[in-house]
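**Q** no FASTA, just this:
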């Protein structure tokens, strides 16, 4: 598929952001005395008819600080199944689509270091829009860490829309919620979808979200990664991860989108932690 200038620009940004994030995470591992590095696995996609439709690269690392971190980029195209197309804007007359994006989930070895999720994407149907966000998921929350993470996201939002932070932070609180347990998945962040007012400004905001993530999360890792912990705190981490698994398998839109569009199973489920516990 030949990409138009907007599609090409979005794909290039997501790939460049992936490179910078992975380099930063590997640098943290070096600081911890680990030689862990990302492995990159390319994959090709076929649609529900078996036709080729793009693909992506799954990046994953297991180290001393990052027990499991995945950073995926994908650029896929094709046609939605008739049933799934009903839930996607702009497919009323044509079920074809194009999507490119980056998705990141990090599960940390030290229970004092928060897990984190970040995803931004650009989708084209009969409409074009950006979506995504970032949220912090600590098993052992520290109010000052939560405040620092939200402060970077607020700065990104305030530079692009006076009401963005309030709207998107509330959207995150509503979205990252487990109705069956009546608890939040973590301490929030921002979430936005169907941002389609103007490609230039919406793309600039989406880039700002990526920059905010890079400014916010690595300092939290460096601050907490050498902090001592005990067996009870590790137990808390494993039980907290169970809630994370429940959300991603029951409610997460990205999981559903990947499964419904013939995505790579390993890439879709890379968000799951290596160890979790239910009592």
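**A** Happy to help now that I have it. Since we're looking at a predicted model, the values are computed, not measured. Numbering: from 1, shown residues only.

**Q** now what about stretch 147-166, what contacts it?
**A** Applying CB atoms under 8 Å, 6 or more residues apart in numbering, the set of residues contacting stretch 147-166 from outside is 134, 136, 167-169, 187-190, 192, 201, 204-205, 208-209, 211-213, 215-217, 219-220. All C-beta atoms are positioned from the backbone trio N, CA, C, and that covers glycine.

**Q** Now do the end-to-end distance for that stretch.
**A** 15 Å (CA to CA, to the nearest Å).

**Q** Buried residues, that stretch. List them.
**A** 148-150, 152-154, 156-157, 160-161, 164-165 (16 or more other CB atoms under 10 Å).

**Q** Would you point out the most distant pair within those residues?
**A** 148 and 161 (21.6 Å; CB to CB).

**Q** mind putting the buried residues of stretch 147-166 in TSV, pLDDT, distance to residue 72 and secondary structure included?
**A** Compiled in TSV, these are given as follows (pLDDT from 0 to 100; distance: CB to CB, whole Å; DSSP: H, G, I helix; E, B strand; the rest coil):
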residue	pLDDT	distance to residue 72	secondary structure
148	98	26	helix
149	98	22	helix
150	98	25	helix
152	98	22	helix
153	98	21	helix
154	98	27	helix
156	98	22	helix
157	98	25	helix
160	98	25	coil
161	97	28	coil
164	98	26	helix
165	98	27	helix
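
**Q** Which parts of the stretch 51-200 of the chain are strands?
**A** 52-61, 66-79, 96-108, 115-124, 128-137, 177-178, 183-184, 189-195 (DSSP state E, counting those that start in this stretch).

**Q** Let me see the ranges of the helices in the chain.
**A** 5-31, 82-85, 143-158, 164-175, 199-224, 231-250, 253-260, 265-268 (DSSP state H).

**Q** Identify all contacting residues around the second one.
**A** Going back to what we said before, that points to helix 82-85. By CB under 8 Å, 6+ apart, helix 82-85 touches 79, 91, 95, 260-261.

**Q** Please state the offset of it from the chain centre?
**A** 24 Å (CA atoms, centre = their mean, to the nearest Å).

**Q** Counting neighbours, which of the contacts of stretch 147-166 end up buried?
**A** For these, buried by 16+ other CB under 10 Å: 134, 136, 168-169, 187-190, 192, 205, 208-209, 212-213, 215-217, 220.

**Q** Identify each buried residue in the worst-scoring helix or strand of the chain on mean pLDDT, please.
**A** Least confident helix or strand, the chain: helix 82-85 with a mean of 78, by mean pLDDT, DSSP states H and E. For helix 82-85, a neighbour-count test (16+ other CB under 10 Å) marks 84-85 as buried.
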